[in-house]
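Peer 1: Starting from these lines, generate the structure:
(chains A, B, C, D and E)
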Amino acid sequence: MLSDRVKQILSWYPSDNPGTLTNIARLLNTGALAGTGKLVSLPVDQGFEHGPIRSFGPNAASNDPEYHINLAIDSACSAYAAPLGQLEAVAGKYAGQMPLILKLNNSDTLAKVDQPCSALTGTVEDALRLGCVAIGYTIYPGSGQRNQMYQDLRDLTIEAKRKGLAVVVWSYPRGAGLSKAGETGIDICCYASHIAAQLGAHLVKVKPPTAHVEQEESKKIFEKYPVKLDTLADRTKYVIENTFAGKRVVIFSGGEAKGTDAVIEEVRQMAKGGSFGSIMGRNAFQRPRQEALKLLSDVMAAFRSGA
Amino acid sequence: MLSDRVKQILSWYPSDNPGTLTNIARLLNTGALAGTGKLVSLPVDQGFEHGPIRSFGPNAASNDPEYHINLAIDSACSAYAAPLGQLEAVAGKYAGQMPLILKLNNSDTLAKVDQPCSALTGTVEDALRLGCVAIGYTIYPGSGQRNQMYQDLRDLTIEAKRKGLAVVVWSYPRGAGLSKAGETGIDICCYASHIAAQLGAHLVKVKPPTAHVEQEESKKIFEKYPVKLDTLADRTKYVIENTFAGKRVVIFSGGEAKGTDAVIEEVRQMAKGGSFGSIMGRNAFQRPRQEALKLLSDVMAAFRSGA
Amino acid sequence: MLSDRVKQILSWYPSDNPGTLTNIARLLNTGALAGTGKLVSLPVDQGFEHGPIRSFGPNAASNDPEYHINLAIDSACSAYAAPLGQLEAVAGKYAGQMPLILKLNNSDTLAKVDQPCSALTGTVEDALRLGCVAIGYTIYPGSGQRNQMYQDLRDLTIEAKRKGLAVVVWSYPRGAGLSKAGETGIDICCYASHIAAQLGAHLVKVKPPTAHVEQEESKKIFEKYPVKLDTLADRTKYVIENTFAGKRVVIFSGGEAKGTDAVIEEVRQMAKGGSFGSIMGRNAFQRPRQEALKLLSDVMAAFRSGA
Amino acid sequence: MLSDRVKQILSWYPSDNPGTLTNIARLLNTGALAGTGKLVSLPVDQGFEHGPIRSFGPNAASNDPEYHINLAIDSACSAYAAPLGQLEAVAGKYAGQMPLILKLNNSDTLAKVDQPCSALTGTVEDALRLGCVAIGYTIYPGSGQRNQMYQDLRDLTIEAKRKGLAVVVWSYPRGAGLSKAGETGIDICCYASHIAAQLGAHLVKVKPPTAHVEQEESKKIFEKYPVKLDTLADRTKYVIENTFAGKRVVIFSGGEAKGTDAVIEEVRQMAKGGSFGSIMGRNAFQRPRQEALKLLSDVMAAFRSGA
Amino acid sequence: MLSDRVKQILSWYPSDNPGTLTNIARLLNTGALAGTGKLVSLPVDQGFEHGPIRSFGPNAASNDPEYHINLAIDSACSAYAAPLGQLEAVAGKYAGQMPLILKLNNSDTLAKVDQPCSALTGTVEDALRLGCVAIGYTIYPGSGQRNQMYQDLRDLTIEAKRKGLAVVVWSYPRGAGLSKAGETGIDICCYASHIAAQLGAHLVKVKPPTAHVEQEESKKIFEKYPVKLDTLADRTKYVIENTFAGKRVVIFSGGEAKGTDAVIEEVRQMAKGGSFGSIMGRNAFQRPRQEALKLLSDVMAAFRSGA
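Peer 2: Predicted coordinates for the structure are as follows:
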């Protein structure tokens, strides 16, 4: 049975086939937040993106791909997302126990490139054979290589939607077009989230926005049409509003590892702002397992209560 | 979370990819029987197979495809199976609410043919776009057209398995090779169930076997190696044993519409014999809705208790 | 390392690619007969071909697909051959433990047809994904449907050979063109074995030939050019001679279940006649396991000693 | 028969089909180290990569492709890996005598390019027709061309896995993103090995890591979470831990030709650190044949004894 | 009938199908050198590569494509190689009179590019419909575009070999990675010839090597392992040795037009060094026809006598 809220969310995707809607429903109907319209997922691609030492060094047990799927299951997450090899290492053994999202592109930090662009590392066929509910894909708005990324996503998206999968897009502004502060500035975050929605994403993941405003055009608008952007809750609300008036599932990432109180406070702000949930990677698996389970439980409670 | 029983059942399919295992797990983890390793599914292809008047005349409300999906949802069935049009009529609106099985071949009773053979009426791509967990397919062992049916199933099966779907085969002996009594004879039922498993079915649906023995060779074996086949429970057990020693999910259909007591008694026998469940079509939808819900509830209770 | 005899056998296939040669070598380099140029394989398609009751009734443990692969492994057979479902039930769990042959067509005894023809029940892609060394295929020379079977084999063979698999053909004369005695008559057996070789088989399986001569033309030849055909050894030798002068691997099936002494005597005759080995199905799995292991060991010893 | 250790290793690949598992088993069940879970393979792509003079000049007999396959066979290696032409020169004649790995990309040292990238020089179809157990592929993490390499590997990998082959990835950090010392630094080696696993490799080959630490982020982790990295054994252990907690087969290359004592000492350290084995190219074929056989024998003994 | 020498050469290609072997045999069994294991072929792609004026201006009759095929036939050459249009102009009329090689890529001198790369100008299907025995392809090791050329060749090669054609690779080092002298330096010539063999070429065509040594690594090897490279005969021998120890057919081109004595002297040196023959283009067709016939006759005589 689906809750009214989940049915409402599904109604925002009237052009998708029943297969894709079914998989969105599975994401929204799993774990501790099932039926609430909120979701907390565990994404573990940091081994690829930042290297295993930096990612798993703080908690050596987390080198094992089984560690993460077990953490996702035991904490009653909504989904587990990872690159090809990491999913293959567990998908057969844990089949049917957790909605899986296959990250189809990834980037490492070894090469020096001016305009960042992730490599394609998996296929829609992989997502089907591994039993995934969705494909995941990262775009870097701001990069000179963004067209390549958008176009590859276009090809993956049409195939995924034809075959009944959902599409989750990580939208992380980056590249020569942006200042460092701009990468998480509120106007850029809104823009990045909106682009992901425009590219056909069913779920969008962005970073928590700061009060920084990057573009002159944005500042002019804010002067003329003032918006309350003081708190993270305000800004969360504003990002969601800028993403099809809240009719796309927008989730916020936790970002770099930080203290428990800081994580919970951030999550409360996002929940208050109406976030559909968050992804919790390093803040989960870099803690000892018991602490991580407690934290994830608290995070889910915050989203459930809406603050 | 999956129960130990469901994990055990998944272990019987060591050559399937995680996608297919995931979908088998979804079938076994839905509804009132979730986690028990038993399943009761609602199949409604009788409109095609026997005509709408004969099928839905007794309960005019059942002409509406929504009637059936609602019945499946409200009775907490494990799955709902139907032909293409009937699934298309509901899959989008009810996405995520019930595991669906797309019947990929169907036969009507309008043409007169000596050797029955169902027509291909759907594709694996349809199953994916409608969000199905499995494809369904009917074979008629005993028909002179069986080779055509087996070969079409072969092509559908390799594609379905590559794309992470499960395969459900209805094996209904029929045709010039068999007497009428033979169609449900215990030896023929065992043979039919075994053939479905050999063709690569993950789930097999057969009719409840009678004590009739059709083939001379079977009689000789029974004389030399006596088997207890007195009750339906005995015969159910024997069919399952003949289908990879119980390592395939074998479900029994309820067959023609009959009185409630008769249905329940039949189900109890099948449950006692270790059946993995049953499909309940006409006996469900040809009854008034409340009666049908009560009956399905009783049927599930019988399978849960094992008798 | 390959023995000189195995290298000699490989030299008979100068037009095959290294992949196919490698898989023929694997068949000849496994188990108790490794390196001898002889092979004993366990084929278990009787559940499909004759029905599970008649096949597995005498030894109920043999209903379990794992029973057979374990029997093949524990008896140090050269290979295990079975239809799709039966191989899928074990291939993942027993990967790498026994060369597998996927039977790509099968026939049941339920339908009544004048001109027998097996149904296609598996694909070359299945053989690759299950890790098989060869595809297996049955032809019925003598059937009015033989052209269909030969043509389907043609398509499977070109694909299998391109992808580096070996081709094993069961050649069992049958159909309106032959008397019952003719099905195993010496001239027909020679003809059937030759046809399989002509169709591109690397390994040929035929039934032990009797002294019966079916065709008038054959009788005339035997009158003009007398051949010694008194013993099974003589006839075995003659069949092999008629199959590319011994330059194809011809194996003889054990046929119906019979007493141990009869099996061993038959095998000794075949070994004396230069048979490349035998397939041992019902005579193996219809016995209690310990007896079967002993029998298979004795059979292999006979082939090793050449009598 | 497979040893318990080999079965354990196969259990780390729960999402692969039986065909791929069978080929991994073949790699682990061949030669002097069969069944130990260790492997020593002979890779000879240096003629392409460094040129024939530099590679084979020290031992002119090694110009002959047959020299290498014979060396692999006579030393009881686990596998022989080479580019297309070099495998074609021997695969037909030596079919079935040694597991083969077809290197599907190669680079020469004639062109001057800033961002290294190997050319695709073979196909999965070639690997099948030559009877290979695996495809081999080299990536250069650190190169600005890495995305092209990762994406080409993605396409080859999905095809190879569908057709039952194993995937071996050589991961050699190189390019503008790294210092010369960094190419073999411990943190980069861990990262490179991890990326190969994430890209879906079943077996990973890396260079022996030095104590050099390249990335600032790695240094911070080591300060906060000290790791013993003094000896090559320590570092070997650490690389393996960083590659799915030891649940991927990681092999170390011998690198440049050096004295026998130095080779053996290096191997002992790697064995002590838990390496799954090594590849031994120039250190083998640039020595006189008898010395090479002795060296390979000693190397295998070291891996067998674990030190 | 094939001579023992031709049979020996065919034995170097144990992984090729009989179709490809047949076409290699046709090349080696045509014209004045039939059966000797040597071949002289007439390649005329200079119109495309250098322009018609520069190529055919010295002998206007040679503008006619029929001129060349007639020259090849009348001089009893082993084969005639040309681009698509030039072969189409004669293949139908002269069908069966001369083994043809279709050059599948070509480059003109009109564009200015830093990193040379030939264009694909024909297909394997063209080669089949024109009755060719082989495809021809040029690579430029040393060019930054070499990966593109190697990869295109990979695709053509797998198709050509599947369809029974032979593969002839012209390997002409060129590009930013090499000095002008280096293009024909002995070490580079060895490397280029070796790469062509590694890419799967059956026949390799290179330029006559000079005594220049381009790479530092080569110099070191020559210091440590001295090689006699004084004469063209020495160097020819060395190139052949570096190309699979003489187990690939390596042919040397005549290069730029020069005096008759110079041509003959060069050919004698190459013959003495064990060259498998040469290609003779401009030195043939830029001479008056009678002179060309005489020259070709003398060249073939030199190869036949081995000096």
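
Peer 1: of all of chain A, which residue lies closest to chain D?
Peer 2: Nearest residue of chain A to chain D: residue A:92, at 3.1 Å (C-beta to the nearest C-beta). Any C-beta I mention is one placed from the backbone N, CA and C, and that applies to glycine too.

Peer 1: tell me the contacts of that residue?
Peer 2: Residue A:92 makes contacts with B:17-18, B:21, D:14-16, as judged by C-beta atoms under 8 Å, 6 or more residues apart in numbering or on different chains.

Peer 1: taking these one by one, which sit in helices?
Peer 2: B:18, B:21 (DSSP state H).

Peer 1: Quick check on the contacts of residue A:92: which are buried?
Peer 2: Among the contacts of residue A:92, the ones that count as buried by 16 or more other C-beta atoms under 10 Å in any protein chain shown are B:17-18, B:21, D:14-16.

Peer 1: Of the residues you listed, which is the nearest to chain E?
Peer 2: For the buried ones among the contacts of residue A:92, the nearest to chain E is residue D:16 (25.1 Å; C-beta to the nearest C-beta).

Peer 1: residue contacts, the closest one?
Peer 2: Neighbours of residue D:16 in contact, by C-beta under 8 Å, 6+ apart: A:88, A:92, D:24, D:161, D:202.

Peer 1: redo that, cut-off 10 Å
Peer 2: Listed by C-beta atoms under 10 Å, 6 or more residues apart in numbering or on different chains, the contact set of residue D:16 reads A:88, A:92, B:17-18, C:92, C:95, C:129, D:10, D:22-24, D:161, D:164, D:166-167, D:200, D:202.

Peer 1: what sits against the residue nearest the centre of chain A?
Peer 2: With distances taken as C-alpha atoms, centre = their mean, residue A:205 lies nearest the centre of chain A, 3.4 Å away. Shown in contact with residue A:205 (C-beta under 10 Å, 6+ apart): A:41, A:43, A:81, A:136, A:138, A:168-172, A:193, A:196, A:249-253, A:276-279.

Peer 1: what's the residue of the stretch 201-307 of chain A found nearest chain B in contact with, if anything?
Peer 2: Relative to chain B, the nearest point of the stretch 201-307 of chain A is residue A:202 (12.5 Å; C-beta to the nearest C-beta). For residue A:202, the contacting residues are A:9, A:12-13, A:16, A:20-21, A:23-24, A:27, A:134, A:157, A:160-161, A:165-169, A:196, A:248-249, by C-beta under 10 Å, 6+ apart.

Peer 1: Drop anything exposed from these.
Peer 2: The buried subset of the contacts of residue A:202 - by 16+ other C-beta under 10 Å - is A:9, A:13, A:16, A:20-21, A:23-24, A:27, A:134, A:157, A:160-161, A:165-169, A:196, A:248-249.

Peer 1: Of these, which belong to helices?
Peer 2: Those of these lying in helices (DSSP H): A:9, A:20-21, A:23-24, A:27, A:157, A:160-161, A:196.

Peer 1: Would you format those as a markdown table with pLDDT and distance to residue E:214 included?
Peer 2: Listed next are those as a markdown table, based on pLDDT from 0 to 100; distance: C-beta to C-beta, whole Å:
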| residue | pLDDT | distance to residue E:214 |
| --- | --- | --- |
| A:9 | 98 | 66 |
| A:20 | 98 | 58 |
| A:21 | 98 | 64 |
| A:23 | 98 | 58 |
| A:24 | 98 | 61 |
| A:27 | 98 | 60 |
| A:157 | 98 | 50 |
| A:160 | 98 | 51 |
| A:161 | 98 | 54 |
| A:196 | 97 | 52 |
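
Peer 1: Pipe those into CSV and attach distance to residue E:226 per row.
Peer 2: Putting those into CSV (distance: C-beta to C-beta, whole Å) gives the following:
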residue, distance to residue E:226
A:9, 78
A:20, 70
A:21, 75
A:23, 69
A:24, 72
A:27, 70
A:157, 63
A:160, 63
A:161, 67
A:196, 66
